[in-house]
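**Student:** Need the 3D shape of this:
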Amino acid sequence: MLLATDTMVDGRYKLVRRLGSGGMADVWCAEDEHLGRTVALKILHERFAQDREFVERFRREASSAAGLQHPNVVGVFDRGEFEGTYYIAMELLEGESLKQRIARGLSIPEALAIIRQILSAARFAHERGIIHRDFKPQNVIISREGKATVTDFGIAHAGASEITQTGSVMGTAHYLSPEQAQGLPVTAASDLYSTGIILYECLTGHVPFEAESSVAVALKQVSEMPRRPSALNPEVSPALDAVVMRALAKDPARRFADADAFRLALDQAEANPGEPAAGDTASFALPVPAAAAKAPPAGPPPGWVEDRRRRHRRRWLIFGVLGLLLSALAAFALTRPQMVPVPNVYGRQVAEATQILEAKGFDVSVQMVQRDAPVDTVIETDPPALTKVKKGSTVTLSVSAGPGLALVPKVDGLNERPALKALMKAGFEVKSVERFSRTIPAGEAIGTSPGPGVKVSRGSVVTLFVSKGTDQIAVPDVVGLTRGSALAELRDAGFAPAIDERDDPAPAGEVISQSPIGGALADKRSSVTIVVSTGRFAIKNVVGLGEARAVKTLRNQGLSVRTEHQATSNASEDGRVLDQTPSGGSTARRGEIVTITVGNYSPTVLTPGP
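**Tutor:** Prediction:
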């Protein structure tokens, strides 16, 4: 299959230009002729179309990304088959890859802003059971405004499902987690490791591990510790050093618990660059020597006389009891749990609320719930705000995950009102937009954006495209005009003229007919055929006619006539045309000369002898 500009894919997507080519697919900029928008069309290489595993990976990319409607995740609109291979229609992202951006150099604040967005996409995917497994700068597009969008969910998977054999390794070696390099099961922590490597590269311009082969790089991921980023970039603070090194811990359990914890650590490192958090440095701290044990105090010297013991026994007993009571009271005062009020974090973003609570000494647990409140907003705390509880207690945050997701229903072919009802019943706000269509009758639904089957948050806006019929206008009447004038008039009216030529007595270059006829309605940009005269026509056969009638016939055709006479002994040939040049049926233009030979009877005409 040869793809080229203007190729129409699946009767819908017109290829405009190639954007790039990867190991398994080409990506094209294409025009969606149905919805009138520009998309990125990812087309699987034909050699992989018969490979069940590659097709499954390709299908899974569409399914994984289509379920992730998030500002930092590429949008997927459609998927299908075309001439024996498969395609995905995606949001067209304008900008450059993070790899290109790193090559030009990033400041530390710029790097952290991008990583926060990647972590936001990772958190959103992980909460929905999707693990990307191939985070790398090439899969992140940065817009001119600095927005980061994660792409390429081709090897992502949901839950524990796998399509590869046990022990297989999928991903890019320089960004591969140690457990992936060993063919072990992957978790969200694997994506956080890859994000840590991206952060390392953003800060230093280099990946942590380099080698001559991918296998050698993977071995280093498993067995070697990277140099701290500050060794390559002195501007990296000790706190940021510690965050990166914790993200790159070999043991997944020693990395950040989730993407939110990673983001919070970045916030704290930026706020306190010289003070690494204890959790970020525990893995790399040197052992602290234990203090030498002190010898117990010496006992009382012997030699106390018995009577003195007797005399003071009661006094010491009283003092002892009083001392015990005082010690108990002091211990109670010192060990009594400190009661502190739970801060009011209602309405705050979960990252900010977590930071406030942890600063007050609380542990934080987060549970996501479906609500109409903005996503990631705290809607409730347990215990409630201002309740006094033990310092160090766990506060559970109920955080809005938005109103939940729903599938966009298929409304193609429905009239506008039923289509609106179906979309609103599914929980969406609907914006109706009219468009011309050559195939869909006026008043019927053409489609939606996002397309049918895509999971979208309830309450979000879905655009419904409704046909307003064909864009038809009257065809100009150009019969009788010259060829140039007819072409100009048809083009000015929005039509695409086609030309046929035909022999006709009309002057050369004059339009003698058209299809559709003048005044008929036709779609704009449709073809109108004009028939132009060549100026040539068939000469009538006048042999056998009388001279006067023959001359009149030819002159009526616009021809000039020259008459010659020829003697004949046949009385019936007298005054009649015996021959003509050019002969009847030949073509000529107006004004050309036809010579006729007319018989002149003479009885004395001798005929040649034998």
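**Student:** so where's this protein shaky on pLDDT?
**Tutor:** 1-2, 22-23, 48-68, 153-171, 277-337, 372, 605-610 (pLDDT under 70).
**Student:** Helices of that one, start to end?
**Tutor:** 52-66, 98-104, 108-127, 178-181, 188-204, 214-223, 238-247, 259-271, 278-281, 306-335, 350-359, 416-425, 483-492, 547-556 (DSSP state H).
**Student:** The fifth one - contacts with which helices or strands?
**Tutor:** Judged by 3 or more Cβ pairs under 8 Å, 6 or more residues apart in numbering; DSSP states H and E, the packing partners of helix 188-204 are helix 98-104, helix 108-127, strand 130-131, helix 178-181, helix 238-247, helix 259-271. For every residue, glycine as well, the C-beta is placed using N, CA and C.
**Student:** how much does that helix deviate in direction from helix 238-247?
**Tutor:** 140 degrees (axes from the mean of the first three to the mean of the last three Cα atoms, to 10 degrees).
**Student:** let's have the chain start at 31 instead
**Tutor:** Sure, I'll start counting at 31 from here, so that last one is helix 218-234.
**Student:** what's the angle from helix 218-234 to helix 244-253?
**Tutor:** Going by the same axes, to 10 degrees, helix 218-234 makes 100 degrees with helix 244-253.
**Student:** what angle do helix 218-234 and helix 289-301 make?
**Tutor:** 30 degrees.
**Student:** thinking in terms of the whole chain, how far from its middle is helix 218-234?
**Tutor:** Relative to the chain's own centre, helix 218-234 is displaced by 23 Å; criterion: Cα atoms, centre = their mean, to the nearest Å.
**Student:** coming back round to it: as TSV, the helices of the chain with distance to S51 and mean neighbour count would be great.
**Tutor:** Listed next are the helices of the chain as TSV, based on distance: least, Cβ to Cβ, whole Å; neighbours: other Cβ atoms under 10 Å:
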stretch	distance to S51	mean neighbour count
helix 82-96	15	19
helix 128-134	16	17
helix 138-157	24	21
helix 208-211	25	21
helix 218-234	23	24
helix 244-253	20	16
helix 268-277	32	23
helix 289-301	31	20
helix 308-311	41	16
helix 336-365	68	10
helix 380-389	39	18
helix 446-455	37	16
helix 513-522	38	16
helix 577-586	69	16
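**Student:** Relative to V396, which of those is closest?
**Tutor:** Evaluated over these, closeness to V396 peaks at helix 380-389, with 6.1 Å, by Cβ to Cβ.
**Student:** Distance from the chain centre to the closest one, please.
**Tutor:** 34 Å.
**Student:** other SSEs contacting it?
**Tutor:** Using 3+ Cβ pairs under 8 Å, 6+ apart as the test, helix 380-389 ends up in contact with helix 289-301, strand 393-399, strand 424-430.
**Student:** just to revisit the earlier point, could you dump the helices of the chain into a markdown table and include distance to G176?
**Tutor:** Formatted as a markdown table, the helices of the chain follow (distance: least, Cβ to Cβ, whole Å):
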| stretch | distance to G176 |
| --- | --- |
| helix 82-96 | 22 |
| helix 128-134 | 10 |
| helix 138-157 | 6 |
| helix 208-211 | 30 |
| helix 218-234 | 13 |
| helix 244-253 | 30 |
| helix 268-277 | 20 |
| helix 289-301 | 16 |
| helix 308-311 | 26 |
| helix 336-365 | 52 |
| helix 380-389 | 19 |
| helix 446-455 | 34 |
| helix 513-522 | 45 |
| helix 577-586 | 82 |
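**Student:** circling back: same list, the helices and strands packed on helix 380-389, but as CSV with distance to L608 please.
**Tutor:** What follows is the helices and strands packed on helix 380-389, written out as CSV (distance: least, Cβ to Cβ, whole Å):
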stretch, distance to L608
helix 289-301, 105
strand 393-399, 107
strand 424-430, 106
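**Student:** Indicate which one of the helices of the chain is closest to V425.
**Tutor:** Using Cβ to Cβ, the nearest of the helices of the chain to V425 is helix 380-389, at 5.4 Å.
**Student:** R566: which of the helices and strands packed on helix 380-389 is closest?
**Tutor:** Between those, helix 289-301 lies closest to R566; by Cβ to Cβ that is 80.6 Å.
**Student:** Next, the angle strand 393-399 makes with the closest one.
**Tutor:** Calculated by the same axes, to 10 degrees, helix 289-301 forms an angle of 130 degrees with strand 393-399.
**Student:** Let's have the helices and strands packed on helix 218-234 in JSON lines, adding distance to I560.
**Tutor:** Rendered in JSON lines, the data for those read as follows (distance: least, Cβ to Cβ, whole Å):
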{"stretch": "helix 128-134", "distance to I560": "52"}
{"stretch": "helix 138-157", "distance to I560": "57"}
{"stretch": "strand 160-161", "distance to I560": "59"}
{"stretch": "helix 208-211", "distance to I560": "67"}
{"stretch": "helix 268-277", "distance to I560": "71"}
{"stretch": "helix 289-301", "distance to I560": "66"}
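**Student:** Can you say which of these is nearest to S599?
**Tutor:** Across those, the minimum distance to S599, taken as Cβ to Cβ, is reached by helix 128-134, at 101.7 Å.
**Student:** And M369, how close does it get to S557?
**Tutor:** Going from M369 to S557 by Cβ to Cβ, to the nearest Å gives 85 Å.
**Student:** Nearest to I160, out of the helices and strands packed on helix 380-389?
**Tutor:** helix 289-301 (12.4 Å).
**Student:** From what I see, V106 and I118 are in contact.
**Tutor:** Yes: at 6.2 Å, V106 counts as touching I118 under the criterion of Cβ atoms under 8 Å.
**Student:** Excluding chain neighbours, what is closest to K72?
**Tutor:** Spatial nearest neighbour of K72, chain neighbours left out: I118 (4.5 Å); criterion: Cβ to Cβ, 6 or more residues apart in numbering.
**Student:** I409 is in contact with R401, correct?
**Tutor:** Yes: assessed by Cβ under 8 Å, R401 is found in contact with I409 at 5.7 Å.
**Student:** Give the intersection of the neighbour lists for the two.
**Tutor:** S430 (Cβ atoms under 8 Å, 6 or more residues apart in numbering).
**Student:** circling back: right, and the residue nearest to K72 touches G105 too?
**Tutor:** No: assessed by Cβ under 8 Å, I118 is found out of contact with G105, at 11.0 Å.
**Student:** which one of those two has more residues nearby?
**Tutor:** Between I118 and G105, counted using other Cβ atoms under 10 Å, I118 has the larger neighbour count: 26 against 21.
**Student:** what sits opposite that one in the beta ladder?
**Tutor:** As for beta bridges, I118 partners with K72, R109 under DSSP bridges.
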